[in-house]
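Novice: next comes the sequence, and after it the predicted model I'd like to discuss.
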Amino acid sequence: MISSTDEFIAPFTWHDLAFSASVTAGCLLLAARELRPAERVFRGIETACAVFARHRAAAVATLFFAVVAARLATLRLLPVPIPGIHDEFSYLLMGDTFAHGRLTNPTHPLWRSFETFHVNWLPTYSSMYPPAQGIALAVGQLFGHPWIGVLLSDAAMCAAILWMLQGWLPARWALLGALLAALKLGVASYWMNSYWGGAVAAIGGALVLGALPRIQKRGRVRDALLLAAGGALLANSRPYEGLLLSAPVAIWLLWWIFLDASGVSPALVSALPRTTRLRRVLAPIVLALLFTAGLMGSYNWRTTGRPLLFPYTLNLRTYVTSPIFLWQRAKPALHYNNQQFEDFYNGWEREDYERSWSSAGAASLLKWVRLRAVFFWPAAVILLPAFACVFRDRRVRLLLVVFSVALPGIFAVVWSNPHYAAPLTGVIFGLLAQSLRHLRAWKPLARPLGAALARSVVILLVLQTVRDVRAHKCDEIAWTCGGDPSREAIERRLSSLPGKHLVLVRYDADHNIHDEWVFNGAEIDGAKVLWARELDAAQNTALLNYFNDRTVWLVQPDADNLELIPYAPRDSHAGP
């Protein structure tokens, strides 16, 4: 999270706008003059894509491998990301825990020295976040690096969006919507170039909404289980936003299951008998979700000691006093074990949002700026008139309902980043694809100007993606994926030396609270390199005595974040 007064999103320059206008004008000119060579090229590409899209399963598999191949091909320009955000390290802890075959870790006797953001220490040592993203990172770690899990989950997200849209749109338009998602989120996006998620929750939303039209059409057990699997992913990745998406889906599904055929619109009634709908659809969903609830309760019990107490809730109760929703008041301030927590929780979090209309407006504007940066691109503004036509489409009416219900709920929370809206990813790109359909159908004076505008929207997204990759731009929101390599460089250096090492981190009084260095993996005592916070003399002495078999070092990120010197206590060290 970062303050709205320090939002590192580059505004569109006149050069960007001029370039977009030039491409759009060029496409319109080609259409107006009906230049046959150019039209044949466009038609050829579109026809090939339409033919390929009819092979639905092959298209889904191909898109998955294409996203993986495209991102691996750009590694020279966009290397494997370095974590830098508090949340990323918490997720990496979870992935490391799962990769070690554990659900959680025992509390260390000197845990205060290792205390860090978004991590629970009592009753066990674990990440505060739901486990789905951690599972993805654990899979990647088992294959060699946690980022492999990010790569695979992002590619799976694009494939799942295609599968979802195939249930709502004609095949070629479903493919186009998924390609837009792949271009926007599969290469130069922090969803691909960081560790704090987005793709896993988007897969969950796509499975839920992709299974729905298939259930209505065929009523198969397989589709019911896919819907339940999507719900399970949402509950274990973005539970609040997943609930916002699932509520209208559940209402529609129950209406469809129990709706009597008499006196209602035939379009809303399934050809399947009600008993069949109960047996093939409702029963599998209920059983699968009950099984998921049991697993979640077991995970909660192992991490927090209570089946109904989620790690996230425990962390909020332990550390957070600022409001969660815009209308809430801040709780009384708490006292923390170190100055960095005091500055973060009692300072920045409480001061960055005040319960007022102006502050709520600023927070909402910031959410929109971030959402626009991740889900849209400058040329998408061309789709606004066509988007108005989407509201008359019965084909995507439920997607609009889901979008309309979930979006206000997302804006109702104080802190929000674009991946919080990940469950809606398939909905957003489905509505963009449907808007492109309406735009393409526009033919003023019998000229295919709508098709030209639609092509320019897609072409400009392709060009923007290529430009961002060539500029080594991991995301338009630069801070989301721009980790500082200094800490990693020190860790690599110490890992190459013999023995085990303990690094004490000493911060200055004006330390940037977003630049945290004290993070560790699942193993504390067994770690080759261990990072600890310099605290009071008694705690530091106990720490040095406990780890007396390690070489002890000092780093001062606010002085020289690459300097590594033998540790000396503060009272005998010439420093602040």
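Specialist: Nice, thanks for sending it over.
Novice: what is the neighbour count of the residue lying closest to Arg395 once chain neighbours are set aside?
Specialist: Leaving aside its sequence neighbours, Arg395 sits nearest to Trp168 (CB to CB, 6 or more residues apart in numbering; 6.7 Å). (Each C-beta comes from the backbone N, C-alpha and C, glycine too.) Close neighbours of Trp168, defined as other CB atoms under 10 Å, add up to 23.
Novice: ok, Trp168 touching Leu431?
Specialist: No - applying CB atoms under 8 Å, one finds Trp168 not in contact with Leu431, separated by 10.0 Å.
Novice: any residues in contact with both of the two?
Specialist: 396, 399 (CB atoms under 8 Å, 6 or more residues apart in numbering).
Novice: Arg306 should be in a helix, yeah?
Specialist: No - assigned with DSSP: H, G, I helix; E, B strand; the rest coil, Arg306 falls outside any helix and is coil.
Novice: who are the contact partners of the residue nearest to Arg395?
Specialist: Trp168 is in contact with 174, 209, 213, 395-396, 399, 430, counting by CB under 8 Å, 6+ apart.
Novice: drop anything exposed from the residues you listed.
Specialist: Buried members of the contacts of Trp168, scored by 16 or more other CB atoms under 10 Å, are 174, 209, 213, 396, 399, 430.
Novice: quick one: the residue nearest to Arg395 is in a strand?
Specialist: No - checked against three-state DSSP, Trp168 lies outside a strand; its state is coil.
Novice: ok, it to Leu183 distance?
Specialist: The gap separating Trp168 from Leu183 is 20 Å, by CB to CB, to the nearest Å.
Novice: list the buried ones in whatever helix or strand Lys217 lives in?
Specialist: Element membership of Lys217 [criterion: DSSP states H and E] is helix 199-218. For helix 199-218, the neighbour count (16+ other CB under 10 Å) marks 199-216 as buried.
Novice: let me know the average pLDDT across that helix.
Specialist: The average pLDDT within helix 199-218 is 96.
Novice: which helices and strands sit right next to that helix?
Specialist: Other helices and strands packing on helix 199-218, by 3 or more CB pairs under 8 Å, 6 or more residues apart in numbering; DSSP states H and E, are helix 132-142, helix 146-166, helix 221-235, helix 239-258, helix 397-411, helix 425-440.
Novice: which strands and helices sit next to the longest one?
Specialist: With contacts defined as 3+ CB pairs under 8 Å, 6+ apart, helix 146-166 has these neighbours: helix 56-73, helix 86-99, helix 132-142, helix 171-185, helix 199-218, helix 425-440.
Novice: just the buried residues of it, please?
Specialist: 146-166.
Novice: and what of the fourth one?
Specialist: Along helix 239-258, these residues count as buried under the neighbour rule (16+ other CB under 10 Å): 239-246, 248-249, 252-253, 256-257.
Novice: please apply the same query to the shortest one.
Specialist: Residues of helix 132-142 classed as buried: 132-141 (neighbour count, 16+ other CB under 10 Å).
Novice: nearest to Arg550, of the residues you listed?
Specialist: Gln141 (24.2 Å; CB to CB).
Novice: looking at the buried residues of helix 132-142, spot the one nearest Pro79.
Specialist: Using CB to CB, these come closest to Pro79 at Gly140, 15.5 Å.
Novice: you'd agree the closest one is up against Asp154?
Specialist: No - Gly140 lies out of contact with Asp154 (CB under 8 Å); the separation is 11.1 Å.
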